[in-house]
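> this one's structure only:
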């Protein structure tokens, strides 16, 4: 599909407010825009294997791994990191991404290293339409 709106309207049974990109008709905590980005079915709750995974590695490095649908258009994404969850402290500075082709989708790993002395990091995936 050319964009997220066309994609969501292609699912039979989704009508009215359930076709909004902000809607979550399957109740899995992912709105339709995120389901489009991840390459999931908006009418079936995602299993735990489709969820974003965060891990703390060696050397004070933190990573987030997620899937990204191939061929999606009309959306942008960014992995942001923060040391304290403050609304104003989220950003992409220092976040590095690697992509692995998994056939039907891509697996993206975003990694950030904390400054010496810092021991925690929070990460989030933001998906939006420009």
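In hand now; what should we look at? Since the structure is predicted, the reported quantities are computational estimates derived from the model, not experimental observations. Numbers count the residues shown, from 1 in each chain.
> what does stretch 31-41 rub up against?
Residues from elsewhere that reach stretch 31-41 (Cβ atoms under 8 Å, 6 or more residues apart in numbering): 4, 7-8, 11, 19-26, 30, 42, 46, 50, 66-70, 72, 75, 77, 104-105, 127-129. C-beta coordinates here come from the backbone N, C-alpha and C atoms, glycine included.
> swap the cut-off to 6 Å and go again
The contact list for stretch 31-41, computed with Cβ atoms under 6 Å, 6 or more residues apart in numbering, reads 4, 7-8, 21-24, 42, 46, 50, 67, 69, 75, 105, 127.
> Highest neighbour count among those?
Highest neighbour count within these: residue 42, with 25 neighbours (other Cβ atoms under 10 Å).
> Could you tell me which residues make contact with that residue?
Here residue 42 is in contact with 11, 25, 32, 35 (Cβ under 6 Å, 6+ apart).
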